[in-house]
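S.K.: Starting from these lines, generate the structure:
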Amino acid sequence: MFTKIDELHLPDHYHLDGSDACYFIGEYTAGRGFAHSDTNQFIYNLKKSVDRRGLPEYRHKEAAIVQAGRVLRSSLNPEFIRRGTFVPIPPSCAEDDPLYDDRIAEVIRAIAPQIDVRKLIRQVVSTPGAHLVQNRPGPRQLYENYQIDESLAFPTPSAIAIVDDVLTTGAHYKAIQRILQERFPGVPVSGLFLARRVPNTE
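M.R.: Residues are numbered from 1 along each chain as shown. Alright, predicted model coming up:
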């Protein structure tokens with residue numbers, strides 16, 4: 001089931017504030033590898049690079065996508081599944097990049113048939129994965145590399161859930177929240193995450 005990010009979690013996700021409605025299911029421990037926990041193993045499989053497609057190991061990614069959809073379906077209010085608009089956070093690679101990974105949109109589609117999943121946010125240019133850089137981009141930098149896909153903007157959503165696999169600093173969420181609130185003023189926006197990153201204290 002979902003747990004809401006509250007004041008006890010905010011220091012780990014310092015770009016968020018108390019007004020943000022963000023929810024997570026599991027906890028991913030950074031720097032501990034896939035064997036550390038079931039959640040670490042799950043996230044490791046889900047994030048497996050698309051350049052492994054066609055190899056035997058890729059079935060673990062495909063299974064993780066199905067599992068993620070099933071977990072989200074069991075955790076969400078059925079009414080929200082019917083009426084909500086689900087927006088995946090774009091991966092670090094833009095759509096014209098051969099390493100573009102559509103896994104979050106695939107996860108959302110696995111929740112239920114005919115779910116309203118819209119890739120409303122497009123990333124203009126590819127960027128290094130956040131885990132590969134020492135200085136992570138902030139919400140403003142990310143915002144400047146995003147744009148609305150106007151072809152998907154209608155009908156106007158009644159409620160929006162931004163979806164991603166792991167909540168880290170909250171920068172991507174805040175950048176996308178800003179652009180969606182500017183485009184759809186008054187429409188409530190929340191965040192759904194399969195896991196939140198917790199610090200490695202060992």
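
S.K.: Report the strands that pair with the strand ranked longest in the chain, each with its relative direction.
M.R.: Ordering each strand of the chain by length in residues (DSSP state E) puts strand 189-198 first. Sheet pairing of strand 189-198 (DSSP bridges) gives strand 22-29 (parallel), strand 160-167 (parallel).

S.K.: List the buried residues in that strand.
M.R.: Across strand 189-198, burial judged by 16 or more other Cβ atoms under 10 Å covers Val189, Ser190, Gly191, Leu192, Phe193, Leu194, Ala195, Arg196, Arg197. Bear in mind the C-beta positions are built from the backbone N, C-alpha and C, glycine included.

S.K.: Reformat those as JSON lines; add distance to Glu106.
M.R.: Putting the buried residues of strand 189-198 into JSON lines (distance: Cβ to Cβ, whole Å) gives the following:
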{"residue": "Val189", "distance to Glu106": "22"}
{"residue": "Ser190", "distance to Glu106": "21"}
{"residue": "Gly191", "distance to Glu106": "19"}
{"residue": "Leu192", "distance to Glu106": "15"}
{"residue": "Phe193", "distance to Glu106": "16"}
{"residue": "Leu194", "distance to Glu106": "13"}
{"residue": "Ala195", "distance to Glu106": "17"}
{"residue": "Arg196", "distance to Glu106": "21"}
{"residue": "Arg197", "distance to Glu106": "22"}
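
S.K.: thinking again about what came up before, among the strands paired with strand 189-198, which is the most enclosed?
M.R.: Of all those, strand 160-167 has the most neighbours on average by mean count of other Cβ atoms under 10 Å, namely a mean of 23.

S.K.: starting at the chain centroid, how far to the helix or strand that that one is followed by?
M.R.: Next helix or strand after strand 160-167 toward the C-terminus (DSSP states H and E): helix 171-183. From the chain centre to the centre of helix 171-183 is a distance of 13 Å (Cα atoms, centre = their mean, to the nearest Å).

S.K.: one step back: what about the strands paired with strand 189-198, which gets the closest to Lys48?
M.R.: strand 160-167 (11.7 Å; Cβ to Cβ).

S.K.: Let me see the ranges of the strands in the chain.
M.R.: Under DSSP E, the chain gives strands at 3-4, 22-29, 85-88, 116-117, 121-123, 146-148, 160-167, 189-198.
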